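From the sequence below, what's the structure:
(2 chains)
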Amino acid sequence: MKMASPCDGTLSPTEFKFAAEALMKKWEECKSILHPWIWIPCPKLPFGAPDKAGGYLSLEHIHHFEFKKQQDCIEQKYSEEEVEALDSATLVLSGENETHYYNFHIIYSTSYKVPVLFFRGYHQGGQPLKCDEVEKDLPLYTSKLLEESKWTFITQEEHPYLNCPWFTLHPCGTSEWMRLLLQQRLYSSRPEDLCSHYLVAWFSVVGQVIGLWAPLNLVHCSSSSSSSDTFCSHT
Amino acid sequence: MAESTVLQFSPFQSHVEEGFWKRLSSLKLNTLGLDETPVKITGFYGPCSHAQVSSHLYLLDESLPANLAEESSSSEMVLGNRNRCPIPGTLYNTNTLESFRGLDKQSLIRKEAKKIWEEICSGRVEAACAVLSRFLVISYADLKKWTFHYWFAFPALVLNPSALVSKLQPASEWFNLEEGKSLSEACNEWRKSSLTAAVPFFLVIITADSHVTLRPLKDWETCQRDGHKLLFGFYDPCHLPSNPGWPLRNFLAFICSRCKIEKIQFLCYRERHGLADLTHSLVGEALVSISQEWKNPQFIPEAVGWERNGSKLAPRRIDLATSMDPIRLAMSAADLNLKLMRWRALPSLNLDKLSATKCLLLGAGTLGCQVARMLMAWGIKKITLVDNGRVSMSNPLRQSLYTLEDCLNGGDWKADAAVRSLKSIFPGVEAEGFTFAIPMPGHPVQAKETAGVLEDCRRLQNLISSHDVIFLLTDTRESRWLPTLLCTNANKLAITAALGFDSYVVMRHGAGVSADDKDASFSVCSSGIEGHESRRLGCYFCNDVVAPNDSTSNRTLDQQCTVTRPGLAPIASALAVELMIGILHHPEGMNAPGEMASSISESSSQPLGILPHQIRGSLSQFSQMVLVGSSFNRCTACSNLVVSEYRRRELEFVIQALNHPNYLEDLTGLTELMDKARSFNLDWEEDDETDIETVL
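Residues are numbered from 1 along each chain as shown, chains lettered A, B, ... in the order given. A predicted model of the protein is given here:
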């Protein structure tokens, strides 16, 4: 697919879908240690313009290992008489290191005309992570980057489809740095490749900020990006 | 393992997604109400696919029916996929925390265990094996605080005596190479086919020629008869190398009671990258003895399985206020807006200072309503309004906080209606309203009213001292006198906005006066004259040579009602607020000198731009001027003379000024000035008398 406007760093909704498919394919090809991105088709909203992009990319249940014990927030303890006696066949798990679970969605923004990364973290059991807890999970260089760069900062926004707040890397600077990234490729490859390369290039930058290494970047393999279960919200 | 030890199972772990709680909340609000009937839900799990982390039993939003009418039909038909085996469950949702705590946990788990046992005995398990992992959840949803208390139980029928394990090793060690390959293929087929992918229990048949096939549970009799090697396989959520997962417990109960086998070989199926992982999967041999009790048809085995919180027997609690409470959501959205402004355009914006600034608005009319809204938009949290009037029918059109409802039944007090309106726009605002009249010179006080007026003066004093910025937004000149005096005395920032028919003035009053301040001997309109750049800036009255007097009596209706072009109030209000923001960001604050419009060559010293003293505009010309005026040493409101007299006699002085405005003119020497001016014979033509009164 030839990109309509390769020079300004933006994407049209149909280009986004095309680029998403290319990203999914590339990801799988690289036999990554992460499980694949899934395309979630968008449900039809009861009002408003139909979604031209048609859906979004989802990568869920990525583990982030914490090396400290989970804190129990126990309000009321119960005795064994009230509930049940300890059974000899039950293995009692103790002192487990906490794991945080992250879900990532790549959603097309119609106002900025670029992809936006939405992410949300959870404690084991489902309690959502707070902003400062998420910041602690980010790679060390990211907090510095977030302070200094005017192009990357994390905000909390309403997820367009799930109606609850998710963290995002704010998209207002995306078209600027995508333009610079693509300019290099513009002269070295065919224009048709530009569209399929868009999300791959975008992800190579954004993924680093989040600590989700793109498998194409084979220099480092972070221990936090290990395989896990995939739970699709829709089949 | 050389000798048999008790087989220990790793308990199931729950994970509830936010969507589930949201759906439960809306079900409760819309359908269930106070109904505590158990609700059929569906949990989902898949085999472990990670060497270090077990997989969980998930509750998603699809776990609950969207509405209860669908409940009975859809729960059987919830679609699973290879990673989501649907498991039936029951939700007991209570209405109070006490009833949640008071639920009889032992009887609840027994009830679910009974269902499982009956399904084993009746043969239902062979048709729909997922019921072996039936579970229950108790919950209490606090919809005011958006917290959810819950507790899972995964009933496991207790074997008496406990099952022993005589062997447990990785599958790759148990199967030979050929068998291993065949097993992997068979498993991957099973996992790919939509008919079997979500079936978590199966039979593994190994023929003599190392060919492995997977068969559903219902074929167990045939398979036993065929005499081939038989393993009982299941999706194992656990990742541990020496322990199988929880589903095996009920599976063993089924196998020993239904298939009558006491030496059970089992396969804990685990995956990696979506394919069978034989090094991670386990094969073991369990020794079970069928107790006599089980042969009794009335007998129901005991069950254990309440999920532990860490290692303790306690429920869990999830706090979703930040993502579900609309007030929190509104506040974080407002916060985000201001932060974006700071990040993208104005890094020096001091948002903390703004949200800590307390603003007092004297007047809740056309100016007051607009100023209040604009302050909220800038992140100001504390807003106090003072107005002595009621909302009248013509108000909602021009006074943007009021609606028709506020006008009914004689009209609500404006201060109260304004506060209600502000809170409905932004719940995070700390808004307060006071209904009283500001005492005014030229409106004499009757003896019986004196106490009340003194009380009003004191209230005004207290309000001014407890706020940081005071906006003078009333509709008469004389009502601005006392606030101006009090602000000057207390050295508080006062900002005035006043409207004519098609003109406005917005100005910030100069800083408070101290004993040795030298004010100008006359008001100037440009800072260049007399060479004193750092004179104290003037107030609203500094330009006047008459004291404020009664401007409302003996006037025509339109003069009394201060009729103005509607566009003026929004313009003037907006300028007043932006002026305040500029002052708060200026390093000298209130004491900053008044600036004129900067020329193009010199850039403004402040990121927000110049900080004027006065802005005077006209709609008829669509023009605006920025002016600077110094304080007048005979000003009836802010001059040293007046302020020191106030400090000496306080409210006694105020009453005197209210009752006799000439008193102020005498005190400041204006009377003398006027006499001198009149007596001065100018060589003008007779019919050209200069009128030296300036009024706005």
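
pLDDT-wise, which helix or strand of chain B ranks last?
helix B:71-74 (a mean of 45; mean pLDDT, DSSP states H and E).

Check which helices and strands the helix or strand following that one sits against.
Later in the chain than helix B:71-74, the nearest helix or strand by DSSP states H and E is strand B:85-94. Using 3 or more C-beta pairs under 8 Å, 6 or more residues apart in numbering or on different chains; DSSP states H and E, the elements in contact with strand B:85-94 are strand B:39-45, strand B:135-142. Using the backbone N, CA and C atoms, a C-beta is placed for each residue, glycine as well.

Can you tell me what sits against strand B:85-94?
B:24, B:28, B:32, B:36, B:38-46, B:57, B:63-64, B:75, B:78-80, B:100, B:103, B:108, B:112, B:130-131, B:133-141, B:198-200, B:235 (C-beta atoms under 8 Å, 6 or more residues apart in numbering or on different chains).

So what are the sheet partners of that strand and their directions?
strand B:39-45 (antiparallel), strand B:135-142 (parallel) (DSSP bridges).

who's in contact with the shortest one?
Meaning strand B:39-45. Strand B:39-45 is contacted by residues A:231, B:12, B:27, B:32, B:55-60, B:62-65, B:68, B:71-72, B:75, B:78, B:80, B:83-91, B:93, B:133, B:135, B:137, B:200, B:235, B:237 when judged by C-beta under 8 Å, 6+ apart.

quick one: it to chain centroid distance?
On the basis of C-alpha atoms, centre = their mean, to the nearest Å, strand B:39-45 sits 31 Å off its chain's mean C-alpha point.

With only the CA atoms kept, save that strand in PDB.
Extracted C-alpha coordinates of strand B:39-45, given in PDB (Å, rounded to 0.1, in the frame of the first residue of the first chain):
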ATOM      1  CA  VAL B  39     -25.500 -15.900  39.900                       C
ATOM      2  CA  LYS B  40     -24.100 -18.300  37.400                       C
ATOM      3  CA  ILE B  41     -20.700 -17.100  36.200                       C
ATOM      4  CA  THR B  42     -18.000 -18.500  34.000                       C
ATOM      5  CA  GLY B  43     -14.300 -18.600  34.700                       C
ATOM      6  CA  PHE B  44     -11.600 -19.100  32.200                       C
ATOM      7  CA  TYR B  45      -8.200 -20.800  32.300                       C
END
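
Which helix or strand lies directly C-terminal to it?
Criterion used, DSSP H and E; the element after strand B:39-45 is strand B:57-59.

what stretches of the chain score poorly on pLDDT?
In the absence of a named chain, this looks at chain A. Chain A contains residues with pLDDT under 70 at A:1-7, A:30-34, A:43-51, A:66-75, A:94-96, A:143, A:145-152, A:185-192, A:213-235.

um, chain B though
B:1-3, B:67-80, B:513-534, B:545-547, B:552-562, B:598-605, B:681-696.

dump the residue contacts of the nearest residue to B:Asp61 once chain neighbours are set aside.
Sequence neighbours aside, B:Gly19 is the residue nearest to B:Asp61 in space, at 3.1 Å (criterion: C-beta to C-beta, 6 or more residues apart in numbering or on different chains). Applying C-beta under 8 Å, 6+ apart, we find B:Gly19 in contact with A:Leu162, B:Leu60, B:Asp61.

Show me which of those is closest to B:Phe501.
Top of the list for closeness to B:Phe501, among the contacts of B:Gly19 and by C-beta to C-beta, is A:Leu162 at 53.4 Å.

picking that back up, could you check the angle strand B:135-142 makes with whichever strand or helix holds the residue nearest to B:Asp61?
Assigned by DSSP H and E, B:Gly19 belongs to helix B:18-27. Put simply, helix B:18-27 runs at 60 degrees to strand B:135-142, going by axes from the mean of the first three to the mean of the last three C-alpha atoms, to 10 degrees.

Distance check, the spatially closest residue to B:Phe251 that is not a sequence neighbour against chain A.
Spatially, and ignoring its direct neighbours in sequence, B:Phe251 is nearest to B:Phe234 (5.6 Å; C-beta to C-beta, 6+ apart). Separation of B:Phe234 from chain A (C-beta to the nearest C-beta, to the nearest Å): 16 Å.

and B:Phe234, how many residues sit next to it?
Here the number of neighbours of B:Phe234 (other C-beta atoms under 10 Å in any protein chain shown) works out to 23.

And the next helix or strand past the host helix or strand of it?
Following DSSP H and E, one finds B:Phe234 within strand B:229-235. Sequence-wise, the next helix or strand downstream of strand B:229-235 (DSSP H and E) is helix B:247-258.

and the next helix-or-strand element following that following helix, what other elements does it pack with?
Sequence order places strand B:263-269 as the next helix or strand after helix B:247-258, per DSSP H and E. When contacts are defined as 3+ C-beta pairs under 8 Å, 6+ apart, strand B:263-269 packs onto strand B:229-235, helix B:247-258, strand B:282-287.

Out of those, which is the most enclosed?
Of all the helices and strands packed on strand B:263-269, helix B:247-258 has the most neighbours on average by mean count of other C-beta atoms under 10 Å in any protein chain shown, namely a mean of 24.

Tell me how far it lies from the chain's centre.
49 Å.

Stretch B:624-638 too?
Put simply, stretch B:624-638 sits 44 Å off its chain's centre (C-alpha atoms, centre = their mean).

That one: which residues count as buried?
B:624, B:626-638 (16 or more other C-beta atoms under 10 Å in any protein chain shown).

Among the residues you listed, which one sits closest to B:Leu485?
Out of the buried residues of stretch B:624-638, the member with the shortest distance to B:Leu485 (by C-beta to C-beta) is B:Ala637, at 5.2 Å.

domains for chain B, by residue range?
Listed domain ranges for chain B are B:5-159+B:308-319, B:164-294, B:346-642 (source: automatic domain parsing).

looking at the ones you listed, which is closest to A:Asp87?
Using C-beta to C-beta, the domains of chain B put domain B:5-159+B:308-319 closest to A:Asp87, at 6.5 Å.

Can you give me the end-to-end span of that closest one?
42 Å (C-alpha to C-alpha, to the nearest Å).

Now the closest residue to chain A within the stretch 501-650 of chain B: closest residue in space that isn't a chain neighbour?
The stretch 501-650 of chain B approaches chain A most closely through B:Pro607 (15.2 Å), counting by C-beta to the nearest C-beta. Of all residues beyond its chain neighbours, the one nearest B:Pro607 is B:Ser348 (4.9 Å), with distances taken as C-beta to C-beta, 6+ apart.

Look up how far B:Val577 lies from the one you found.
Distance from B:Ser348 to B:Val577, counting by C-beta to C-beta, to the nearest Å: 18 Å.

Fine, thanks again, bye for now.
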